[in-house]
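Just to be clear, the model below is a prediction. Sequence and coordinates:
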Amino acid sequence: MEENNKPGPLRSHPTLRELGLFGAVSVLLLVSLAIAPGKDYFSQWRHYQKSYLKLATERQNGTLVRNFHGGIQQTWIPKLGVTDRCQTCHVNQSGTLLGTSSQPFRKHPPVPHELDEFGCVMCHRGQGAATTVDEAHYATAAWEQPILPARYLEASCGQCHLGALEGAPRLNEGRQLLSSLGCAHCHSITQPDGNVVKPEDDPPPLVHVAEKTTREWIFAWIKNPQAYAASATMPNFQFNDQDAADISAFLIAQSTPSAATNDSVKHATPAPASADAATQAATLYGSSFCSSCHAVQNEAGNLVGGNFGPELTRVGSKVNPEWLQRWLQNPHGYEPGTRMPHYRFDDRQIALLSSFLLGKKDSDFLASVHLPASDANSIAHGKRLVTESGCAACHQINGVNPPQNFAPDLSRVGSRALSQVVFVTGMKHTVPDYVAAKISDPRAFGPGLKMPKFSLTDQQVAALTTALLAQTDRAAALPRELLFPAQHRSNYHPGGDAGKLMEDLHCLSCHSINGNGGDMAPDLSLEGSAVQRVWLEDFMKDPNTLRPALIRRMPKFNLTPAEIKTLSDYILSAYQAPGIDSGILNPHALNTDAASRGKQLFYSKYGCQSCHIADYKTDKGYVGPALAGVGNRLTAGWIYRWLQDPEAVRPGTLMPNFNLKENEAFDLAAFLMTLKAKQNGGGK
């Protein structure tokens, strides 16, 4: 047994089989070791760098070749979470090598940021640390965010710039649409600075809707809002006939009488029977400047007028005559929160204007609408549909509370994980394609979805998509010092008796005062320093225009002398500019000699008549306000300060700063104060 346990003799030579196996393993090891440097040697980025050097050599740019430093190029910005290696391939971003128009050697367009400040992925997105085209530009199993399509590139600007941004029209339009279309009624959209996007549309309350219109009109409107008004922003919920009929039944059933039903208008007053009544009615509509806010389709099918109020093309097919006359008498009786001012029309004007508006009918709009009588079941079904569809998110409805958390939060939709997205067959699996498709046709993702279909152009879809793609995780994590917040309206409201009048007239719908209000008309924050009392009172009695080329005008509100005095006293005392008072100029120095010198400056040196009209007989400037009669309108101190630095007096004005000398500003003010004649309606 001991002999059997002894080891065998050692072999000094391996067998051929062992040698072959060892050789094969060695070769495999050698090949595996060579893969890494080989892969690096034949990498895409090295190929692009070699191609770049070849181009530079062919163009005999020896300096560029000698100064070129190859290899991986990296930008690291820890506070932004940016790691960029894009310049490894895009080696000619500065445009040093001229005449290269194809990627990756194309020169980067001028941008207001330096590369080492923000890197590339802040704007273009994609995977900055990657060094291959597929991994850097496209979504992969390990990286879901490809580079941003060029048409949506402004979305990246919106990560830092939260307000209107010059040079980003698509982003600005998209953000304006998010508010004006009422998207924020259903969706919560919080910007990186914590401010929430607020809707700026004006959906009417429906609590008294039976006074205003008929069940048949409601049915036709629900079926297709754009069939009634091409400019309607209400989306189409694609209800079938039965559902639309039941909703109309419920809305009529929930309606209650408004405070306006207690007014004197119980039955519509017919229009005067005079032969020229129609002409008088049309003239009143025009002189009231209804078209400043409301649009009407002309014979060519084009909308003419403003978009501040609802379109009136077929309003005669919509409203009840008694309601319309009560509305014209005082719109606040029916809807206290309406943006429409109280015009103070007399009974004859109300009859004329209502007859004009009731004549705007479309007999075909309701011709085929024949609804069955409503019953308890149809009303209950209509209420359920109204509740489930989220109608109360926009409209005030009796018995239906506004929904909470009705639609997805869009605060970070630009970074939404693909695993949370359901794509339609054939759609590219990217967030931009998903967002655009969801905006364009929501029901394509499933017939049971609640989001309705909006009537949007391709340009509007692209703009909305751009605005939403600005809502990203990266934006939410940016340092506060990199954020440029939007300018938000103040909560200023005028006080006292004048404040009540201004609320009744809804001055802030058009004018801005101390940071609150609209932008349809001039800012009145400093009006008390600018205008003279006599002119101001005359203007409120009978407004005219300063800018003959503009369609929009301030309407005549038929104010009483007492109301005019109350408003004038308040404006002249409350809305004053610091540093501008009656003592700023010596009135005796504003003499004929100074005015003569100022006239020469006006017409010869500075060519002011190119934009302004001082004399309607000779001047042709329609860009700026007319200055004929300005001596009766503005104060000398205001004119003097304005000429010295218009931007300092009213930021954002289009008037350029000519850097006038003090004596030139004085002489021009002296000349302008001589323009006291109101020529061709040039008062305002």
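Cool, got the structure.

how far does stretch 144-155 sit from the chain's center?
20 Å (Cα atoms, centre = their mean, to the nearest Å).

Mind listing residues that contact it?
123-127, 136-139, 156, 168-171, 414-415, 417-418, 430-432, 462, 465-470 (Cβ atoms under 8 Å, 6 or more residues apart in numbering). Backbone N, C-alpha and C define where each C-beta goes, glycine included.

quick one: buried residues of it?
Judged by neighbour count using 16 or more other Cβ atoms under 10 Å, the buried positions of stretch 144-155 are Glu144, Gln145, Pro146, Ile147, Leu148, Pro149, Tyr152, Leu153, Glu154, Ala155.

got the end-to-end distance for that stretch?
Using Cα to Cα, to the nearest Å, one end of stretch 144-155 lies 18 Å from the other.

try stretch 78-97
Chord length of stretch 78-97, first to last residue, is 31 Å (Cα to Cα).

Would you map the strands across the stretch 451-600 of the chain?
512-513, 516-517 (DSSP state E, counting those that start in this stretch).

err, the chain, not the other one
Secondary structure of the chain by DSSP state E: the strands cover 75-77, 82-84, 295-297, 303-305, 512-513, 516-517.

What strands flank the first one, and is each parallel or antiparallel?
For strand 75-77, the paired strands and their directions (DSSP bridges) read strand 82-84 (antiparallel).

any low-confidence regions in the chain?
1-12, 34-42, 262-268, 271, 273, 548-552, 582, 677-684 (pLDDT under 70).

Could you chop it up by domain?
Structurally, the chain divides into domains by automatic domain parsing as follows: 44-147, 169-200+406-482, 209-358, 496-574, 582-672.

End to end on stretch 155-168, go ahead and measure it.
Rule used - Cα to Cα; the end-to-end distance of stretch 155-168 is 9 Å.

for that stretch, which positions count as buried?
For stretch 155-168, by 16+ other Cβ under 10 Å, it's Ala155, Ser156, Cys157, Gly158, Gln159, Cys160, His161, Leu162, Leu165, Ala168.

Check stretch 572-586 too.
Leu572, Ala574, Tyr575, Gln576, Ala577, Ile580, Leu585.

what's the answer for stretch 454-465, then?
For stretch 454-465, by 16+ other Cβ under 10 Å, it's Phe454, Leu456, Gln460, Val461, Ala462, Ala463, Leu464, Thr465.

just stretch 333-342 next, same as before
Buried-residue list, stretch 333-342, by 16+ other Cβ under 10 Å: Gly333, Tyr334, Glu335, Thr338, Met340, Pro341, His342.

Could you do stretch 465-474 as well?
For stretch 465-474, using 16+ other Cβ under 10 Å, the buried residues are Thr465, Thr466, Ala467, Leu468, Leu469, Ala470, Gln471, Thr472, Arg474.

List just the nearest of the residues you listed to Phe557.
Ala467 (37.3 Å; Cβ to Cβ).

which ones are touching that closest one?
Ala155, Gly158, Leu171, Gly174, Arg175, Leu177, Leu178 are the contacts of Ala467 under Cβ under 8 Å, 6+ apart.

Surely the third one touches Gln159?
No. If you go by Cβ atoms under 8 Å, Leu171 and Gln159 don't touch, sitting 10.3 Å apart.

Mind listing the shared neighbours of those two?
With Cβ under 8 Å, 6+ apart, Leu171 and Gln159 have common neighbours Ala470.

Between all of the buried residues of stretch 454-465, which two are separated the most?
Phe454 and Ala462, at 13.7 Å, using Cβ to Cβ across the buried residues of stretch 454-465.

coming back round to it: in JSON lines, list the strands of the chain along with mean neighbour count and distance to Lys223.
JSON lines is the format used below for the strands of the chain (neighbours: other Cβ atoms under 10 Å; distance: least, Cβ to Cβ, whole Å):
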{"stretch": "strand 75-77", "mean neighbour count": "16", "distance to Lys223": "54"}
{"stretch": "strand 82-84", "mean neighbour count": "20", "distance to Lys223": "51"}
{"stretch": "strand 295-297", "mean neighbour count": "19", "distance to Lys223": "20"}
{"stretch": "strand 303-305", "mean neighbour count": "17", "distance to Lys223": "22"}
{"stretch": "strand 512-513", "mean neighbour count": "20", "distance to Lys223": "39"}
{"stretch": "strand 516-517", "mean neighbour count": "19", "distance to Lys223": "37"}
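
which one of these lies closest to Ser368?
strand 295-297 (21.0 Å).

Residues contacting that closest one, please?
Contacts of strand 295-297 (Cβ under 8 Å, 6+ apart): Ala230, Ser231, Leu303, Val304, Gly305, Gly306, Asn307, Glu311, Leu312, Thr313, Lys360.

same question, stretch 302-319
Contacts for stretch 302-319 (Cβ under 8 Å, 6+ apart): 212-213, 217, 228-232, 290-298, 327, 339-340, 357-363, 365-366, 509, 518, 520, 552.

Just the buried subset of those, written out for ChimeraX, thanks.
The ChimeraX command for the buried members of the contacts of stretch 302-319 (criterion: 16+ other Cβ under 10 Å) is given here:
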select :212,213,217,228,229,231,232,290,291,292,293,294,295,296,297,327,340,357,358,365,366,509,518,552
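
which among the buried residues of stretch 465-474 gets closest to Leu53?
For the buried residues of stretch 465-474, the nearest to Leu53 is Arg474 (34.6 Å; Cβ to Cβ).

which non-adjacent residue is nearest that closest one?
Gln159 (6.4 Å; Cβ to Cβ, 6 or more residues apart in numbering).

That neighbour and Ala470 touch, don't they?
Yes. Applying Cβ under 8 Å as the test, Gln159 and Ala470 come out as touching, 5.6 Å apart.

Return every residue with contacts to both of these two.
With Cβ under 8 Å, 6+ apart, Gln159 and Ala470 have no common neighbours.

how deep is Ser248 tucked in, by neighbour count?
27 (other Cβ atoms under 10 Å).

got a list of what it touches?
Arg215, Glu216, Ile218, Phe219, Ile222, Leu371, Gly382.

gap between it and Ser354?
The spacing between Ser248 and Ser354, counted by Cβ to Cβ, to the nearest Å, is 25 Å.

Ok, Gly20 next?
For Gly20, the distance to Ser354 - Cβ to Cβ - is 106 Å.

From the neighbour counts alone, determine which of the two ranks first.
Taking other Cβ under 10 Å, Gly20 and Ser354 do not tie; Ser354 has more neighbours (28 against 11).

Thanks a lot, see you next time.
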